[in-house]
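Participant: Below is the sequence, then the predicted model.
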Amino acid sequence: MKICLLGYMGCGKTYIGSLLSKSIKYNHIDLDKLIEITSKMSISDYFKIYGEYNFRILENNLLSFITKNSNIKDCIFSLGGGTPCFFNNLKLIKKNYISIYIKVNHKVLYERLSIDNDNRPLLKNKKGKVLYDFIKNHIKLRNKFYKKANYIIDTKNMDYIEVSDYIKNLLKIKNVKNI
C-alpha cells in the first residue's frame, strides 16, 4: 500500500510518516529530505538561490520520478506543504497513492511555526500577527487542494502517535512485530 501524507507545513507529516513507517515496517520517503539530498543544499538555500518557481519544478520532477520509477510497493510518502498545490502533483498523488490530509488548526500551526520558521522560506522574517495572518490565509488558499485527499484527519486533541495509530486503524494496517 502506498500512502501519501499531505498538509500544511508544521502539521507533522514527516514525524507521523516516520512513526507510521517504523510501526508497520514500510519505507518512508520524505520529499523535502529528498530535495535536499538531490540539490545538495537546504530548502531555504535553494529558495534563496533559485526561487520558489524553480523549487516547485524540482519538487514536481522528483515526485514524478519517484512515482513512476519506484518499485516500492509499501511506503509512506511525506510531502512538502505546497506539493499538492502545483503543476499536476495532486493528480499524480491521487492516481498513485492513498492520500491523507493531516489537518491541523491554524492556531496550533501558528504556535508550532512561531518556534520553528527560520528554515521555512515562505515564513522567513514573519513574526507575530504577520505570521499568524499569513498562515491563516495561506491555509485557506491551499485547502482546496488538501481537501481533495482520499482521507482527512482532523488532528484536534490528537498527538502524533494517536494520528499514526488512527491512520493504521483507518487503513486496517497491523503493527509488525520484531522477532
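Facilitator: Perfect, thanks for sending it. Residues are numbered from 1 along each chain as shown.

Participant: Go through stretch 121-129 and flag the buried ones.
Facilitator: Buried positions in stretch 121-129, judged by neighbour count with 16 or more other Cβ atoms under 10 Å: Pro121, Leu123, Lys126. For the C-beta atoms, the positions are set from N, CA and C on the backbone; glycine is no exception.

Participant: Now do the contacts for the closest residue to the last one other than its chain neighbours.
Facilitator: What sits nearest to Lys126 in space, not counting adjacent residues and going by Cβ to Cβ, 6 or more residues apart in numbering, is Phe134, at 5.5 Å. Residues near Phe134 by Cβ atoms under 8 Å, 6 or more residues apart in numbering: Leu122, Leu123, Lys126.

Participant: Please render those as JSON lines that adds pLDDT to the earlier fields.
Facilitator: Listed next are the contacts of Phe134 as JSON lines, based on pLDDT from 0 to 100:
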{"residue": "Leu122", "pLDDT": "95"}
{"residue": "Leu123", "pLDDT": "95"}
{"residue": "Lys126", "pLDDT": "95"}
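
Participant: Contacts for the host helix or strand of Val163 next, please.
Facilitator: Using DSSP states H and E, Val163 sits in helix 160-170. With Cβ under 8 Å, 6+ apart as the contact definition, helix 160-170 has outside contacts at 3, 12, 15-16, 19-20, 23-24, 100, 102, 151, 153, 155, 158, 173-175.

Participant: buried residues in it?
Facilitator: Residues of helix 160-170 classed as buried: Val163, Ser164, Asp165, Tyr166, Ile167, Lys168 (neighbour count, 16+ other Cβ under 10 Å).

Participant: coming back round to it: could you say which helix or strand contains the residue nearest to Lys126?
Facilitator: helix 128-146.

Participant: next structured bit after that helix?
Facilitator: Using DSSP H and E, the next helix or strand after helix 128-146 towards the C-terminus is strand 151-154.

Participant: can you pull the buried residues of that following strand?
Facilitator: Neighbour-count burial for strand 151-154 [16+ other Cβ under 10 Å]: Ile153.

Participant: Give the partner strands of that strand in its sheet and their orientations.
Facilitator: Applying DSSP bridges, strand 151-154 is found paired with strand 98-103 (parallel).

Participant: circling back to that earlier point, as CSV, the buried residues of stretch 121-129 with secondary structure would be great.
Facilitator: Formatted as CSV, the buried residues of stretch 121-129 follow (DSSP: H, G, I helix; E, B strand; the rest coil):
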residue, secondary structure
Pro121, coil
Leu123, coil
Lys126, coil
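
Participant: Among the residues you listed, which one lies nearest to Gly82?
Facilitator: Gly82 lies nearest to Pro121 out of the buried residues of stretch 121-129, by Cβ to Cβ, at 10.3 Å.
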